[in-house]
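>>> Coordinates for the following, if possible.
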Amino acid sequence: MRISHTGEIEGSRILYAIGRVTAASAWHASGTEPVQGGDWRLVALQRLMVQAADCDADAIIEVDYEVDGVKVTDLADVPVERVCAKGIAVKLARAA
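Residues are numbered from 1 along each chain as shown. All right, here's what the predicted structure looks like:
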């Protein structure tokens with residue numbers, strides 16, 4: 001799966017857009033790292049790639065991240081957040 005933060009895939013031509021895909025990491029305490037190491041953006045990106053693969057995409061363009069958070073309340077003693085990844089799943093033209 002090829003990934004681009006712009007609207008293009010270097011060295012390839014986009015045949016058509018399949019549609020917008022979104023995925024998110026698990027909710028976690030703010031400031032923590034995943035148990036497996038790495039970072040939450042990578043977890044969200046890996047889940048985004050699975051979503052795109054399920055749509056038979058070759059690549060994802062215009063990848064962007066957001067952090068959703070929940071403030072401390074009477075129900076939660078620790079602020080929690082998740083990282084959301086979004087992009088556009090595309091099909092690439094095959095090289096001749």
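>>> residue ranges with poor pLDDT in the chain?
Across the chain, the stretches falling below the confidence threshold (pLDDT under 70) are 71-76, 96.
>>> hmm, try it at 90
27-38, 68-80, 94-96 (pLDDT under 90).
>>> which residues in it form helices?
With helices called from DSSP state H, the chain shows them at 40-54.
>>> Tell me where it has strands.
Listed in chain order, the strands found in the chain under DSSP state E are 2-3, 14-24, 28-29, 59-70, 80-92.
>>> what angle sits between the fourth one and strand 14-24?
Counting by axes from the mean of the first three to the mean of the last three Cα atoms, to 10 degrees, strand 59-70 lies at 20 degrees to strand 14-24.
>>> Show me what strand 59-70 packs onto, helices and strands only.
strand 2-3, strand 14-24, helix 40-54, strand 80-92 (3 or more Cβ pairs under 8 Å, 6 or more residues apart in numbering; DSSP states H and E). Just so you know, the C-beta spots here come from the backbone N, C-alpha and C atoms, and that holds for glycine as well.
>>> Make TSV out of the ones you listed and add mean neighbour count.
TSV is the format used below for these (neighbours: other Cβ atoms under 10 Å):
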stretch	mean neighbour count
strand 2-3	16
strand 14-24	15
helix 40-54	18
strand 80-92	20
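>>> Nearest to residue 60, out of these?
Go through those one by one with Cβ to Cβ and the one that ends up closest to residue 60 is strand 80-92, at 4.1 Å.
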